[in-house]
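1. with the sequence up front, the predicted model follows.
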Amino acid sequence: MFPRLFPDVEESTAVLEMGIQLQYAKESSPLQFLLVGDREEDFFIIQDLLGRTPGGLIPRLDHVRTFEDALACLDRDNYELILFQHEPEDGICMRLLRALRERGATIPFIFLSEQADEATIADLAELGACDWVGKSELNEASLSRAIRYATNLHHQELQNKAAEQMLTKLLRAVEQSADLVMITNREGVIEYVNPAFEALTGYQQEEVIGQTPRLLKSGQQDPALYRELWETILAGNVFRGVLANRRKSGELYYVEKTISPVRDAEGSITHFIASDRDISERRKLEAQLAQSQKMDAIGKLAGGVAHDFNNLLMVISAYAELMLDSLAAGNSLRRNVQEILTASRRAADLTRQLLAFGRKQMQALQVLDLNWVIQEVTQMLPRLIGEDIQLTVVPGRDPGRVKVDPVQIEQIILNLATNARDAMPQGGSLTIETAHVKLDESYVQRHSMVVPGEYAMVAVSDSGHGIPHEHQTHIFEPFYTTKEEGKGTGLGLATVYGIVKQNGGYIWVYSEPGMGTCFKIYLPCVQQPAEKFPLPAPTEEARGGSETILLVEDENAVRQSESEFLRLNGYTVLEAKDGKDAIRITQQHPGTIHLMVTDVVMPHMNGGELAQTLLVQRPAMRILFVSGYAENTVLRYGVDLTGRFLQKPFSLKRLARKIREALDTQAVAASAGS
């Protein structure tokens, strides 16, 4: 049955005015009503009743007789009200209401009938009719009442399908939100979580409803943070902060959390709504960036101090060599001097490792087949790792060609193999594999520092005790070691890291305590054809000579020790403390200068500038550059590293070999030209 909004009493024409004019006072054009039915006399009666409305807002009334004509009108025009002459036997009213419902139309519907029983009225109301008027009661008051009631009810219903639609949209937005949404009551008991919550935390909705957010606590926050949180939201304010929570699996995740209080009509807090944004990946990227910046800073420091270290080591080792050569074979002091030399060489190795970590190590780049390099290097591993460790090499099918220094690849493999050996004191297995891989966009999303492309991969895996998670972010830092005191320098993995980075590659570690460790190294592939170069082999003992050598070195102690050694080996040595001094000496020397050995970085004039100046005067003079600075620094001074170059610190015998090599090359060239 239809509830009545107004009593069934006679009303004046003003009531009809209220029923139409007040409802549509904001309308600037005439309203359109539609009458459906066969009785044309009803049309004129209703039109007359509507025409008595004052104020110039008389509705326009259209009349159709059939169901099809009614649908055509509804397709053509926008009607504010439908009046229907209901005849129980024809069923048109029911059909039209069903059609309106199927179309989603929300037009107020009033039917006129004399024979409508309660069952019929209930059916029509269920289909969407707003009111009915008996034909015998049709007058200004009854029509006004029906119109006003129908429009009021219609507007109310519209406000409600609108409220429901808004609620539906809000629910869909929350359900489909990428952020976690959780609603609790005032005591913090969870009443709702959205699918994003389930996806990130691993908890299903039924597992957390009735629980409190404490089940997500990670133990990473100070209890004072939670006190601050509750004080903030209970005071009616919004809490914002970054929290570390724990998934159902036990894994940590990080969120930017916002908690807002929800108030009722009286302003009392009844609920809290928490919105969490997952920033775990962002935190990981920030940590990677911070680690990279820290490693770069340490690398710059290492490169900066290497020059001073190298000069000091040159003095120590050079005078130790001179002393050793001056002592008789049976002299007891030879052992002490030999220890000094051994210590200085170990210090030189550490300096080289620091330079490697700082990506400043000198390189002799060659295009190589990765499998060939690994095969050459691994031949020496059995003696290094021992018989109780099984070595397996699994070369991939065409892993690709890389442009690297083979000596640096040797350093990588030896350092990783040494670490693996130390992680397996009771024996185990060491596996070295190669493969060709393509790092695509999906891989880059997980490793933001990676450039997509083709890479040759080297994997070095062991079955040792593994690396605890808390150490894994620090293992590439120089001097960071988990070994016992005296068992490691903490530069092995730092060296590996530096070499990989210097060659434009990437290195990742995968390890679980008790499950072993795997290092994966990715080196960018090149398209040039590969050549096989043998790894450097020990050279024969250095020979002396009788040529004249110009020795240019700004460090007095280094220059004096080298000069003394070269004179002992038969050479005539002209000493210069810097570039200007070298030019003066050259101009004053009437004879031939066969070779100039010059430091690169010196005050007043660098070695590159000095060489260019003197070669104009003495084009036949050979040049040997030496420096304790890193590769990039040397290149800035115009020195061609593909020519004669010697990296400090070096032994005096190595200097002698390099000098002899340069002079012999000169002699061969001169002989060929004669």
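-> Thanks, I have the structure now.

2. and the helix or strand harbouring residue 323, what does it pack onto?
-> Assigned by DSSP states H and E, residue 323 falls within helix 280-326. Identification of packing neighbours for helix 280-326 by 3 or more C-beta pairs under 8 Å, 6 or more residues apart in numbering; DSSP states H and E yields strand 252-263, helix 333-357, helix 556-568, helix 652-673. Where you see a C-beta, it was placed from the backbone N, CA and C, and this is true even at glycine.

3. the next helix or strand after the longest one packs against which elements?
-> Translated: helix 333-357. Beyond helix 333-357 in the direction of the C-terminus, DSSP H and E gives the next helix or strand as strand 366-369. Packed against strand 366-369 by the contact rule (3+ C-beta pairs under 8 Å, 6+ apart) you find strand 401-404, helix 406-423.

4. mind redoing it with 10 Å?
-> helix 370-378, strand 401-404, helix 406-423 (3 or more C-beta pairs under 10 Å, 6 or more residues apart in numbering; DSSP states H and E).

5. so in that sheet, which strands flank it, and in what orientation?
-> Using DSSP bridges, the strands paired with strand 366-369 are strand 401-404 (antiparallel).

6. that older thread, mind putting the helices and strands packed on helix 280-326 in TSV, mean neighbour count included?
-> Shown next, in TSV, are the helices and strands packed on helix 280-326 (neighbours: other C-beta atoms under 10 Å):
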stretch	mean neighbour count
strand 252-263	17
helix 333-357	18
helix 556-568	18
helix 652-673	15
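
7. so where's the stretch 151-300 of the chain shaky on pLDDT?
-> Segments of the stretch 151-300 of the chain classed as low confidence (criterion: pLDDT under 70) are 151-160, 162-163, 291-292, 294-296, 298-300.

8. can you give me the helices for it?
-> Counting by DSSP state H, counting those that start in this stretch, the stretch 151-300 of the chain forms helices over residues 195-201, 205-208, 223-234, 280-326, given from the N-terminal end onward.

9. can I get the ones you listed in a markdown table with distance to residue 273 and mean neighbour count?
-> What follows is those, written out as a markdown table (distance: least, C-beta to C-beta, whole Å; neighbours: other C-beta atoms under 10 Å):
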| stretch | distance to residue 273 | mean neighbour count |
| --- | --- | --- |
| helix 195-201 | 12 | 18 |
| helix 205-208 | 15 | 14 |
| helix 223-234 | 10 | 13 |
| helix 280-326 | 22 | 17 |
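
10. adding distance to residue 455, write those helices out as CSV.
-> As requested, those are arranged in CSV below (distance: least, C-beta to C-beta, whole Å):
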stretch, distance to residue 455
helix 195-201, 32
helix 205-208, 43
helix 223-234, 43
helix 280-326, 18
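
11. which one of the ones you listed lies closest to residue 503?
-> With C-beta to C-beta as the measure, helix 280-326 is the member of those nearest residue 503 (14.3 Å).

12. how far off centre is the closest one?
-> The chain centroid and the centroid of helix 280-326 are separated by 28 Å under C-alpha atoms, centre = their mean, to the nearest Å.

13. what is the orientation angle of it with strand 252-263?
-> Computed by axes from the mean of the first three to the mean of the last three C-alpha atoms, to 10 degrees, the angle separating helix 280-326 from strand 252-263 equals 150 degrees.

14. hmm, back to that, and the helices of the stretch 151-300 of the chain: which comes nearest residue 440?
-> Using C-beta to C-beta as the measure, helix 280-326 is the one of these that comes nearest residue 440, at 17.7 Å.

15. between that closest one and helix 556-568, how big is the angle?
-> Computed by the same axes, to 10 degrees, the angle between helix 280-326 and helix 556-568 is 50 degrees.

16. with mean pLDDT as extra columns, can I get the helices and strands packed on strand 366-369 in CSV?
-> Below are those laid out as CSV (pLDDT from 0 to 100):
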stretch, mean pLDDT
helix 370-378, 84
strand 401-404, 85
helix 406-423, 84
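
17. wait, which of those is closest to residue 651?
-> Once C-beta to C-beta is applied to those, the stretch that comes out nearest is helix 406-423, at 17.3 Å.

18. what about dumping the CA coordinates of that closest one to PDB?
-> The C-alpha atoms that make up helix 406-423 are tabulated as PDB, following Å, rounded to 0.1, in the frame of the first residue of the first chain:
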ATOM      1  CA  PRO A 406      92.200 -10.600 -17.500                       C
ATOM      2  CA  VAL A 407      94.300 -10.000 -14.500                       C
ATOM      3  CA  GLN A 408      91.300  -8.300 -12.800                       C
ATOM      4  CA  ILE A 409      89.100 -11.300 -13.600                       C
ATOM      5  CA  GLU A 410      91.800 -13.400 -12.000                       C
ATOM      6  CA  GLN A 411      91.600 -11.200  -8.900                       C
ATOM      7  CA  ILE A 412      87.800 -11.700  -8.700                       C
ATOM      8  CA  ILE A 413      87.900 -15.500  -8.900                       C
ATOM      9  CA  LEU A 414      90.800 -15.800  -6.500                       C
ATOM     10  CA  ASN A 415      89.200 -13.600  -3.900                       C
ATOM     11  CA  LEU A 416      85.900 -15.300  -4.100                       C
ATOM     12  CA  ALA A 417      87.500 -18.700  -4.100                       C
ATOM     13  CA  THR A 418      89.500 -17.700  -1.000                       C
ATOM     14  CA  ASN A 419      86.400 -16.600   0.800                       C
ATOM     15  CA  ALA A 420      84.600 -19.800  -0.100                       C
ATOM     16  CA  ARG A 421      87.500 -21.900   1.200                       C
ATOM     17  CA  ASP A 422      87.500 -20.000   4.500                       C
ATOM     18  CA  ALA A 423      83.700 -20.700   4.700                       C
END
